[in-house]
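Q: no sequence on this one, just coordinates:
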């Protein structure tokens with residue numbers, strides 16, 4: 001049997017969800033080790049990473065979510081990216097979403113929720129002494145998060161525009177009735193788009209318990225409803241409904 005890998009995460013993080021989903025879908029055995037924001041650094045820094053996810057395998061440590069997807073692809077004989085033209089498109093889209101979508105959905109969501117300490121504590125679900133320290137140090141941790149990710153009203157407004165522009169573009173791509181972004185099969189592009197959209201569409205099937213829509217406050221829930229109603233938002237919700245829990249048989253795509 002394959003050894004169980006260790007996935008170091010911040011539970012609700014969408015880049016961690018991207019890795020979690022890929023590992024689950026391609027049957028790579030792993031155990032998740034979730035930490036509170038800031039506290040993850042005590043575990044990732046000594047492994048050569050600053051951000052999460054970090055995947056510790058039996059032979060090496062991967063500190064980038066795309067590298068983790070590529071490992072999952074190799075483990076599943078290319079099922080996650082496909083081949084030929086599908087693979088080329090899936091690789092290109094996955095890279096775009098990692099740089100042009102992920103940072104913006106995170107900033108917009110954090111802009112709306114960081115001020116709600118109870119909500120954040122519920123979302124992070126830290127354990128033991130880390131939970132007490134996260135609660136006690138919350139104002140300082142939030143100040144650092146706001147500074148490092150440029151989370152302010154102007155940044156959030158810019159991020160919202162970037163998300164809407166990408167949603168419009170993908171809406172056009174999907175307008176020919178295709179089932180997935182590269183045609184008729186699920187790839188890393190679909191997985192990455194859905195996972196990195198999650199902070200602003202809040203799918204019920206997310207791989208970590210997220211607060212319900214009604215707990216998010218008026219401004220954030222209004223953003224979520226608006227983005228869910230776009231063609232691309234509906235597409236991401238469908239991917240969660242139909243593909244998040246799917247573990248294809250060995251050899252299937």
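A: Arrived safely, thanks for sending. If you're wondering where the values come from, they're calculated on a predicted model, not measured in any experiment. Numbers count the residues shown, from 1 in each chain.
Q: what sits against residue 124?
A: Going by C-beta atoms under 8 Å, 6 or more residues apart in numbering, residue 124 touches 10, 11, 12, 36, 37, 134. C-beta: built from backbone N, CA, C; applies to glycine.
Q: right, and the helix or strand after the helix or strand containing residue 199?
A: Using DSSP states H and E, residue 199 sits in helix 188-201. Note on helix 188-201: by DSSP H and E, the next helix or strand toward the C-terminus is helix 218-228.
Q: Give the rounded mean pLDDT of that following helix.
A: Regarding helix 218-228, the rounded mean pLDDT is 97.
Q: contacting residues around that helix?
A: Helix 218-228 has contacts (C-beta under 8 Å, 6+ apart) with 108-109, 112-113, 160, 163-164, 167, 197, 200-202, 213-214, 216, 233-234, 237.
Q: Just the buried residues of those.
A: Neighbour-count burial (16 or more other C-beta atoms under 10 Å) applied to the contacts of helix 218-228 gives 108-109, 112-113, 160, 163, 167, 197, 200-202, 216, 233, 237.
Q: will you turn these into JSON lines that also has distance to residue 82?
A: Below are those laid out as JSON lines (distance: C-beta to C-beta, whole Å):
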{"residue": "108", "distance to residue 82": "31"}
{"residue": "109", "distance to residue 82": "30"}
{"residue": "112", "distance to residue 82": "36"}
{"residue": "113", "distance to residue 82": "36"}
{"residue": "160", "distance to residue 82": "32"}
{"residue": "163", "distance to residue 82": "26"}
{"residue": "167", "distance to residue 82": "24"}
{"residue": "197", "distance to residue 82": "21"}
{"residue": "200", "distance to residue 82": "27"}
{"residue": "201", "distance to residue 82": "25"}
{"residue": "202", "distance to residue 82": "29"}
{"residue": "216", "distance to residue 82": "36"}
{"residue": "233", "distance to residue 82": "24"}
{"residue": "237", "distance to residue 82": "23"}
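Q: In this protein, spot the helix with the most residues.
A: helix 153-174 (DSSP state H).
Q: Buried ones in that helix, by neighbour count?
A: Neighbour counts using 16+ other C-beta under 10 Å place 155, 156, 159, 160, 162, 163, 166, 167, 170, 174 of helix 153-174 among the buried residues.
Q: Okay, angle between that helix and helix 218-228 too, please.
A: 20 degrees (axes from the mean of the first three to the mean of the last three C-alpha atoms, to 10 degrees).
Q: starting at the chain centroid, how far to helix 153-174?
A: Taking C-alpha atoms, centre = their mean, to the nearest Å, one finds helix 153-174 lying 17 Å from the centre of the chain it belongs to.
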